[in-house]
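Student: have a look; sequence and predicted model below, questions after that.
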Amino acid sequence: MKKTKIAILSIITVLTLIFSCVALTGCYIVDSGKMRTIEGTYELTNYSTNKDEKADRGIRLFIVIRSDGNGYYAYEDNDTPLHLAEMKCRFTQDPDKSGYYDYVELEFLNKNDWKKFGINARGKSLNSSIPKYKGNLFQGTLEVDYYVDVDFRKVDRATDLSYITETLGELSPLPYGAMAIGGTYASSSLSASNSIFEPNYHDSPLVYFYIRLDILAAKGEAWYMKKSDEVARNETFDISITKTDTGYTAKLGNTDATLITNGSYSQYIYIPTEIEIDGVNTPVFYYFNFTGTKSDEDIQADIDSAVSSYNLFKENQTENDNENVN
């Protein structure tokens, strides 16, 4: 599963770097065009900073732009297996030409982080050149360090997956934003509700519970320990993800789960279960919070910490009980 951490970090980091803008201004070559000339399949031809990132990382990236805003991207690099996923796109109309568009924005990870490109309809390309600065504005040393240059070339008019399939082979598209929900989740409580706004927590019957989702491999792994027997368990299972209006539903082995994304900042998993409350079996939910893309070593360190805290809690409980008896 260490490969998973590398893959998730790689795709998110590369897409962020390719399409990020921490700059005062950006440069675009724009020759607006009608939608029928803009729609189609594009290939990344250049991604450079102060070096050739595309060549160094072994990046291949294709995007499918559609007028309805529902596109696709296919991606691979030296550390990330080839995969296909849904994306979103939106367009800016040329203020001087009715029915023409001069910019397109792309959103890959469902994080409300749109990336802007100039449309060169005559050149059949998309482009962006964003300066990265060094120095200090107030000391008079601010200057351009290098530019993040990104270029796409239109390779086909196809607005479906036909060109990508012919070029890369048959691929099943991941739901929009699914890559961003991969990683590790931790649970320390139960909730009476699967709403992030009304969690209504209960004490968990578990010492710890960690889940890691490998979206590309469609595999998951769980580490947990019940307070009732204090046996460490480690299980693997298949996963499948489906996009919904409020987030995602997931099949984790034979268990149905709900994944909720809350903007760009947090994401959660709710897994239904039952506990006895006042003699009645009551439906509740395991509540998991996203903790990042952790390695086996990271998770084991978290497990050791959870077990240590639990043992300390038990010792304090025993001391309190003894004091009450005396």
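Tutor: Perfect, I can see it now.
Student: so Val155 makes contact with Thr41?
Tutor: Yes - look at Val155 against Thr41 with C-beta atoms under 8 Å: they come within range, at 5.6 Å. C-beta coordinates here come from the backbone N, C-alpha and C atoms, glycine included.
Student: so what sits against both of those two?
Tutor: Taking C-beta atoms under 8 Å, 6 or more residues apart in numbering as the criterion, Val155 and Thr41 both touch Phe62, Tyr163.
Student: ok, these two, which is more surrounded?
Tutor: Taking other C-beta atoms under 10 Å, Val155 and Thr41 do not tie; Thr41 has more neighbours (24 against 16).
Student: does the more buried one sit in a helix, a strand or a coil?
Tutor: Put simply, Thr41 is strand when judged by DSSP: H, G, I helix; E, B strand; the rest coil.
Student: how about low-confidence regions in the stretch 101-250 of the chain?
Tutor: For the stretch 101-250 of the chain, residues meeting the criterion pLDDT under 70 lie at 188, 194-202.
Student: just the strands from it, written as ranges.
Tutor: 115-120, 125-134, 143-156, 183-191, 201-203, 206-214, 219-226, 232-243, 247-252 (DSSP state E, counting those that start in this stretch).
Student: possible to save those as JSON lines with distance to Ala306?
Tutor: What follows is the strands of the stretch 101-250 of the chain, written out as JSON lines (distance: least, C-beta to C-beta, whole Å):
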{"stretch": "strand 115-120", "distance to Ala306": "39"}
{"stretch": "strand 125-134", "distance to Ala306": "41"}
{"stretch": "strand 143-156", "distance to Ala306": "41"}
{"stretch": "strand 183-191", "distance to Ala306": "8"}
{"stretch": "strand 201-203", "distance to Ala306": "14"}
{"stretch": "strand 206-214", "distance to Ala306": "4"}
{"stretch": "strand 219-226", "distance to Ala306": "8"}
{"stretch": "strand 232-243", "distance to Ala306": "11"}
{"stretch": "strand 247-252", "distance to Ala306": "21"}
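Student: which one of the ones you listed lies closest to Thr282?
Tutor: Nearest to Thr282, of all the strands of the stretch 101-250 of the chain, is strand 201-203, at 8.9 Å by C-beta to C-beta.
Student: got the contact list for Gly292?
Tutor: Gly183, Thr184.
Student: which residues does it bridge with?
Tutor: Thr184 (DSSP bridges).
Student: ok, longest helix in the protein?
Tutor: Identified as the longest helix of the chain according to DSSP state H is helix 296-325.
Student: which other helices and strands does it contact?
Tutor: Contacts defined by 3 or more C-beta pairs under 8 Å, 6 or more residues apart in numbering; DSSP states H and E place helix 296-325 against strand 183-191, strand 206-214, strand 219-226.
Student: at 10 Å what do you get?
Tutor: helix 2-19, strand 183-191, strand 206-214, strand 219-226, strand 232-243, strand 280-292 (3 or more C-beta pairs under 10 Å, 6 or more residues apart in numbering; DSSP states H and E).
Student: just send those back as TSV, with distance to Asn78 too.
Tutor: TSV is the format used below for the helices and strands packed on helix 296-325 (distance: least, C-beta to C-beta, whole Å):
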stretch	distance to Asn78
helix 2-19	8
strand 183-191	21
strand 206-214	18
strand 219-226	21
strand 232-243	25
strand 280-292	22
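Student: give me the most central residue, the protein.
Tutor: Ala180 (0.7 Å; C-alpha atoms, centre = their mean).
Student: leaving out sequence neighbours, find the closest residue to it.
Tutor: Counting by C-beta to C-beta, 6 or more residues apart in numbering, Leu109 is the residue found nearest to Ala180 once chain neighbours are left out, at 4.0 Å.
Student: my guess is that neighbour contacts Pro175. True?
Tutor: No - counting by C-beta atoms under 10 Å, Leu109 does not reach Pro175; the two are 11.5 Å apart.
Student: list the buried residues for stretch 111-124?
Tutor: For stretch 111-124, the neighbour count (16 or more other C-beta atoms under 10 Å) marks Asp113, Lys115, Lys116, Phe117, Gly118, Ile119, Asn120, Ala121, Lys124 as buried.
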